[in-house]
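K.L.:
The following block contains a protein sequence and its predicted model.
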Amino acid sequence: MSDGLARIRATLDVRPPYCSGTCEIAIEQSMLFYSTATSGVRKINLLFHTQDQLESLHEACQLAVYGHDHGEVPKKLKAGRLDATAFATQFRLENTGLVDVVGQSLLEGIAVGRDIRFELYELNIYGAGSFVGPHKNATNSDKMFGFLDIVFPTLHTGGICSLRNNERAWLVDFATMLSEAQIPLVGYAAYFNEVEREIGTIVSGHRLMLSYKLYFVSGGDSPSATMISAPGPFEPSFETALTELVNDPKVLPNGGYLGFGLRHQYPVSSEMRVDTLRSCLKGSDAIITRVLNRLPLSWSIRVLYRDRGSHSEQTFVLHKFISDLSQQDLVWSHWDASEKMGPGAEFVRFDDELGNDDEKRAGDYSKYSEDVVDIIQMTEMPSVTNVHS
């Protein structure tokens, strides 16, 4: 591996898929109003409250069981939930600076012309004995990229939040974080939608949390006039290393592709043209495209298909669409890719930066070289889908 390619891979090393911390809250933002089935509308001050008020809020919630597989679950072990239509709060994200924090920390800076929309969708309250088992929150839009949890300073212990992705885990201890504060604070954790979340058992007290869905919004559709444009922490060094690589005449002497594996997951569907995700890229994926635009280098999003044939042969195809591979009689060969998978598909051969065969992805293309395009794997290309036939 050349020094240039090694530097590029080092600068794109995986960063945590979340950000967390505390944020000061004004006293006038601490009031919460909610409806009950028997006594109409009630209110609670989330900074100055009694235990009875928290219990009343818990009673007004829909009771949902998390992390229990079967059997009758005691009421005290159930988490309470209110849909956003059943409560109102004076807490406003736009007054906290968290919009900038998420844009610059979680997204590592976002492109000019994009903004973030925060959609409040539920309130959760957890009493002693409650916990949330490992799960991923549902995604309802290709513009949705993550979630934000806001934890209020209600006195409690336990309930450590675990965030997991790609066999790595991170812990956020809201209870300790908030108990040590000398001023009114809320805790927050923003994370991408592919992250699995788990909340440990609440030992004592109550945890109260607001949850938001995070969306990309085009500049013209955004209700906010503020645009965020901040370079990612590794963006300058990545741009320098990539510039040196593409200006080296020994790299891809016959032309071809630089292939960057996406680090984050995105919603796809059968027959979908994947380039429609250009405006939805997250974190380091978006940083790569910003640098490519500045160099400038043309780029597109493709799906990489690998067919493991008989013996040790492998066939690789880049395609613009998510193809339906459910046909049991689909057999790939070194014929024109478009005849098998439709327009927009092409065979590729993995090389190193000097044009030599990539031994890990070798294929027997010697007789069909005129039909195959060279590609260099710049970063790991993870796979979450396999079809066996």
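P.N.:
Great, that's in hand. All figures in this text were calculated on a predicted structure; none of them were measured in a lab.

K.L.:
quick one: the strands in the stretch 51-200 of the chain?
P.N.:
Along the stretch 51-200 of the chain, counting by DSSP state E, counting those that start in this stretch, strands occupy 62-64, 79-83, 87-89, 114-126, 132-135, 144-151, 156-158, 161-165, 168-172, 185-192, 196-199.

K.L.:
can you tell me which of those strands the model trusts least?
P.N.:
When the strands of the stretch 51-200 of the chain are compared by mean pLDDT, strand 62-64 comes last with a mean of 72.

K.L.:
can you pull the pLDDT of residue 335?
P.N.:
Residue 335 is given a pLDDT of 56.

K.L.:
Hmm, I typed the wrong one, I wanted residue 34.
P.N.:
Residue 34 carries a pLDDT value of 94.

K.L.:
Am I right that residue 24 is in contact with residue 182?
P.N.:
No - Residue 24 is beyond contact range of residue 182, at 10.8 Å (criterion: CB atoms under 8 Å). In this view, the C-beta of every residue, glycine as well, is placed from N, C-alpha and C.

K.L.:
Neighbour count: the two, which is higher?
P.N.:
When residue 24 and residue 182 are compared for neighbours, residue 24 comes out ahead with 12 against 5, by other CB atoms under 10 Å.

K.L.:
and that one, bridged to which residues?
P.N.:
Note on residue 24: beta-bridge partners residue 185, judged by DSSP bridges.

K.L.:
and what of residue 158?
P.N.:
On the basis of DSSP bridges, residue 158 is bridged to residue 202.

K.L.:
Next: residue 207.
P.N.:
Applying DSSP bridges, one finds that residue 207 bridges with residue 126.

K.L.:
same check, this time on the one 5 residues further on
P.N.:
The residues listed as beta-bridge partners of residue 212 by DSSP bridges are residue 120, residue 148.

K.L.:
Measure how buried it is and give me the count.
P.N.:
22.

K.L.:
Just to check, it is in contact with residue 122?
P.N.:
No - using CB under 8 Å, residue 212 makes no contact with residue 122, being 9.1 Å away.

K.L.:
Take the strands of the stretch 51-200 of the chain and write them to CSV, including mean neighbour count.
P.N.:
Formatted as CSV, the strands of the stretch 51-200 of the chain follow (neighbours: other CB atoms under 10 Å):
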stretch, mean neighbour count
strand 62-64, 13
strand 79-83, 18
strand 87-89, 19
strand 114-126, 20
strand 132-135, 14
strand 144-151, 23
strand 156-158, 19
strand 161-165, 19
strand 168-172, 14
strand 185-192, 24
strand 196-199, 19
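
K.L.:
Make JSON lines from those strands and add distance to residue 274 to it.
P.N.:
JSON lines is the format used below for the strands of the stretch 51-200 of the chain (distance: least, CB to CB, whole Å):
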{"stretch": "strand 62-64", "distance to residue 274": "35"}
{"stretch": "strand 79-83", "distance to residue 274": "34"}
{"stretch": "strand 87-89", "distance to residue 274": "39"}
{"stretch": "strand 114-126", "distance to residue 274": "19"}
{"stretch": "strand 132-135", "distance to residue 274": "27"}
{"stretch": "strand 144-151", "distance to residue 274": "16"}
{"stretch": "strand 156-158", "distance to residue 274": "43"}
{"stretch": "strand 161-165", "distance to residue 274": "21"}
{"stretch": "strand 168-172", "distance to residue 274": "26"}
{"stretch": "strand 185-192", "distance to residue 274": "18"}
{"stretch": "strand 196-199", "distance to residue 274": "24"}
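
K.L.:
closest one to residue 250 among those strands?
P.N.:
Judged by CB to CB, the one of the strands of the stretch 51-200 of the chain that comes nearest to residue 250 is strand 168-172, at 35.7 Å.

K.L.:
Just checking: what are the partner strands of that closest one?
P.N.:
By DSSP bridges, strand 168-172 pairs with strand 161-165 (antiparallel).

K.L.:
How far away from the center of its chain is the partner strand?
P.N.:
12 Å (CA atoms, centre = their mean, to the nearest Å).

K.L.:
pLDDT on stretch 98-108, on average?
P.N.:
Stretch 98-108 comes out at a mean pLDDT of 76.

K.L.:
quick check, distance from that stretch to the centre of its chain.
P.N.:
13 Å.

K.L.:
I appreciate the help and will end here.
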